[in-house]
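Attaching a predicted model along with its sequence, questions to come.
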Amino acid sequence: MGENLRKDMSTLFNTQDMYRKLVENLHVGIYVADAKGNLVYVNQGFVNILGYASKDEVIGLNLADNLYVNPEERKELLKKMEKISFVRDYEVKNRRKDGSVVILSVTSNIIYGENSEIVGVEGVVHDITEHKELEDSKMTLQMVVEQTHDNVSITDKNGVIHYVNSAFEKTTGYLKEEIIGRSHRVLKSEKHDAEYYKNLWATILNGKNICTITTNKKKNGELYIADQTISPIKDQSGEIIHFVSIWKDITEKVRLDECLRMEKQKLEEIVGFDEKVSAIRKSEKLMDFVVAKTMKILEAKKCSIMLFDKETDELCVKASVGFDENPEVIKIKISDSVAEKVILTGEPLLIQDINAEPSAHYYNKYSYVGRSFMIVPVKVDENVIAVINVANKCTQLNQDDVFNEVDLKILCAIAREVAVAFENINFYKELQYLTITDPLTNMHNFRHFAKSLDYEIKRIKRYSGNLGLMMMDIDDFKSYNDQFGHLAGDQLLKDIGRIIQNNLRDVDILCRYAGDEFVIILPGTDKSGSDILAQRIRIAIEKAKFKKPVTVSIGVSQYHKEMSRHEVTSKADGALYQAKKEGKNRVCVFA
């Protein structure tokens, strides 16, 4: 029996030693404290957690006074234990030997004496400092992502959405519960072709980041422009498991940039408008140019220029784009036109939104005006000579935009330039008239004769046909001039010019050649026709009543292939000389 007892005692001691070693080698801390909170036992794990060198440094320390960062935490812990005799995973902050703070998870229970009095506490502590820091970092990161103004979404490798932040919800209109689990394709706007998405996916599936500008669609169908960066997220083995997309809504920025670009372009167009418009010398070309440029500068779908006829109180459309009617045949009484007020007052009209106007019913009866339109007068010497109509503003970002005060100022500036251009054209016409017109008779002069004959020769070379030339001279004009004076001679030239003109067709060209000589270009007239016309003119002059009888001699030539202007003129001059030589008052045709 004694032998068995020794064996049992040996086994007991071996077991206690095993448990003692086990407790000492645990990474968790184990402690026992008396009723006052003074430590009476700690294992090596507890010592290591608090950064002490040995148990002897720790035994005897008071938990509240020496270890707790906030002694009140110790009181709170005891209160909880008194209720149910223990606590589980209760977080407290202790101070290490070096003064640093360690966060512990405490599981503890009360030790009762034989009379159920509290004699102490015992417990297990885990160092959760690193875990808490990671948890706090995660929480902070989550708060940052949630509260950032940037839009964030996370998808799996197939593009199925796993997470979106609050900014994403606000921008797209999709709530988390609506969008999570759906494919990112729900945001596609159809503004990008298949090649765009193919390149995007090829890049990110290859493990690379991509920065791109994408036009997507909100829940309500509205488009937005995203400046986004998409990055692959990899696991520890390097496999892609998610994609994170971080993007800004730059729709407004793009709109403002586009507005600035358009304003810059408008400014450049306006600056160049004056120079270009002042170089145009034909009214039709001017009006077509003005309409085209005005539409471009003001981003309008419709534009027209209407000339005002004060005698008939009518507006006549001379250039137009965007209107259904044929501008060549449009004539409108100003009383039937929305431009009536502009013409009568001379003041421009801006209607930003016809539907918001008190007089909407009045404007709506004019189908050509559009929702937003402007009408400005073109004035010369304070008289309205025309109006410019502009309707339906259409920008890249807004297909149904409205005109504003700046647009009206631009259109008024254009109208002023057009008025100056109209004056310049009239002056140019007058100047051109003077350069090709004989000031005494108002007939074309030699310069116009030479230019016209060259043109007719070129035309006949290209299209074939007949071309006659008639040259005439007043017989004995010097004696008439000497007898009745230069004023009478000048009047004779005018009267004969009028008689000649009355016998010509619209296509025939009468010019004063020199002195008392006249020349007539006869397009489409053969030799016989030229001779008949010459005889008719000769007889008409012979029968006319002047201060004394007057006759003319006429020479006629016919254009033949490869003849020059000088040659056909010389032959007519030779025929005229022959008529003079044969006794005057006759017609000679060059054979």
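That came in fine, so what should we check first? Predicted, not measured: the structure shown is a model, and the values here were computed from it. Residues are numbered from 1 along each chain as shown.

Let me know whether Asn25 touches Gln44 as I believe.
Yes. In this structure Asn25 lies within contact range of Gln44 using C-beta atoms under 8 Å: 7.2 Å. The C-beta positions use only the backbone N, C-alpha and C, and glycine is treated the same way.

what about the two, which has more around it?
Gln44 (16 against 10; other C-beta atoms under 10 Å).

you'd agree the more buried one is up against Lys55?
Yes. At 7.1 Å, Gln44 counts as touching Lys55 under the criterion of C-beta under 8 Å.

Just confirm Val317 contacts Phe308, I think it does.
No. Under the criterion of C-beta under 8 Å, Val317 makes no contact with Phe308, lying 11.3 Å away.

Could you measure from Lys248 over to Phe168?
Plainly put, Lys248 is 12 Å away from Phe168 if you go by C-beta to C-beta, to the nearest Å.

joint contacts of the two?
Taking C-beta atoms under 8 Å, 6 or more residues apart in numbering as the criterion, Lys248 and Phe168 both touch Asn151.

Tell me the secondary structure at Asp98.
Secondary structure state of Asp98, per DSSP: H, G, I helix; E, B strand; the rest coil, is coil.

Give me the phi and psi angles of it.
phi -80, psi 0 (degrees, to the nearest 10).

If we ignore the residues flanking it in sequence, what's nearest Thr215?
Lys191 (4.0 Å; C-beta to C-beta, 6 or more residues apart in numbering).

quick one: the one you found is in a strand?
No. The assignment for Lys191 is coil, going by three-state DSSP, so no strand is present there.

can you pull up the bridge partners for Arg108?
Just to correct that, residue 108 is Ser rather than Arg. Val87, Gly123 (DSSP bridges).

mind listing the strands for the stretch 301-450 of the chain?
314-321, 331-333, 349-351, 373-380, 383-393 (DSSP state E, counting those that start in this stretch).

So which bits of the last one are buried?
Using 16 or more other C-beta atoms under 10 Å as the burial criterion, the residues of strand 383-393 that qualify are Val384, Ile385, Ala386, Val387, Ile388, Asn389, Val390, Ala391, Asn392, Lys393.

can you tell me which residues contact the first one?
Read it as Val384. Contacts of Val384 (C-beta under 8 Å, 6+ apart): Phe308, Val342, Ile343, Gly346, Pro377, Val378.

I'd like to know which of these is nearest to Asp288.
The nearest member of the contacts of Val384 to Asp288, counting by C-beta to C-beta, is Val378 at 15.2 Å.

lowest confidence element among the helices and strands of this protein?
Lowest mean confidence among the helices and strands of the chain (mean pLDDT, DSSP states H and E): helix 360-363, at a mean of 50.

Can you pull the domain assignment for this protein?
16-128, 148-249, 258-431, 437-589 (automatic domain parsing).

Among those, which comes closest to Thr140?
Using C-beta to C-beta, the nearest of the domains of the chain to Thr140 is domain 148-249, at 12.1 Å.

Can you give me the end-to-end span of the closest one?
Using C-alpha to C-alpha, to the nearest Å, one end of domain 148-249 lies 13 Å from the other.

any idea of the mean pLDDT for that domain?
Averaging pLDDT along domain 148-249 yields 93.

picking that back up, pipe the strands of the stretch 301-450 of the chain into a markdown table and attach mean pLDDT and distance to Ala544 per row.
Formatted as a markdown table, those follow (pLDDT from 0 to 100; distance: least, C-beta to C-beta, whole Å):
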| stretch | mean pLDDT | distance to Ala544 |
| --- | --- | --- |
| strand 314-321 | 85 | 41 |
| strand 331-333 | 80 | 42 |
| strand 349-351 | 90 | 58 |
| strand 373-380 | 91 | 42 |
| strand 383-393 | 89 | 42 |
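
Helices of the stretch 301-450 of the chain, residue ranges please.
340-345, 360-363, 405-436, 446-463 (DSSP state H, counting those that start in this stretch).

Run through the bridge partners of Val164.
Ser153.

Show me where the chain dips below the pLDDT cut-off.
For the chain, applying pLDDT under 70 flags the ranges 1-20, 22, 324-330, 356-370, 396-399, 426-436, 591.

residues in contact with Arg371?
Asp353, Ile354, Asn355, Asn392, Asp400, Val402.

Among the residues you listed, the buried ones, what's the PyMOL command?
Per 16+ other C-beta under 10 Å, the buried members of these correspond to this PyMOL selection:
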select buried, resi 354+392+402
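
Report the two of the contacts of Arg371 separated the most.
So, these by C-beta to C-beta: farthest apart are Asn355 and Asn392, at 13.7 Å.

Could you give the number of residues near Ile474?
With other C-beta under 10 Å as criterion, Ile474 counts 22.

Pull up the gap between Lys248 and Thr148, please.
In terms of C-beta to C-beta, Lys248 sits 10 Å off from Thr148.

Who has more neighbours out of the two?
Lys248 (16 against 13).

and that one, that one's in a strand?
Yes. The assignment for Lys248 (three-state DSSP) places it in a strand.

which one is it nearest to, not counting chain neighbours?
Nearest one to Lys248, counting by C-beta to C-beta, 6+ apart, is Asp227 at 5.0 Å.

On the three-state scheme, Val125 is what?
Going by three-state DSSP: Val125 is strand.

need the contact list for it.
Val28, Gly29, Ile30, Tyr31, Phe46, Ile49, Leu104, Ser105, Val106, Thr107.

Selecting buried members of these in PyMOL, what would you type?
Of those, the buried ones go into a single PyMOL selection, burial set by 16+ other C-beta under 10 Å:
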select buried, resi 28+29+30+31+46+49+104+105+106
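
mind listing which of the contacts of Val125 are in helices?
Applying DSSP state H to the contacts of Val125, the entries found in helices are Phe46, Ile49.

so which of the contacts of Val125 comes closest to Ile520?
Once C-beta to C-beta is applied, the member of the contacts of Val125 that ends up nearest Ile520 is Ser105, at 120.6 Å.

Thought Asn94 was touching the closest one, still the case?
No. The criterion here is C-beta under 8 Å, and Ser105 misses it with Asn94 at 11.3 Å.
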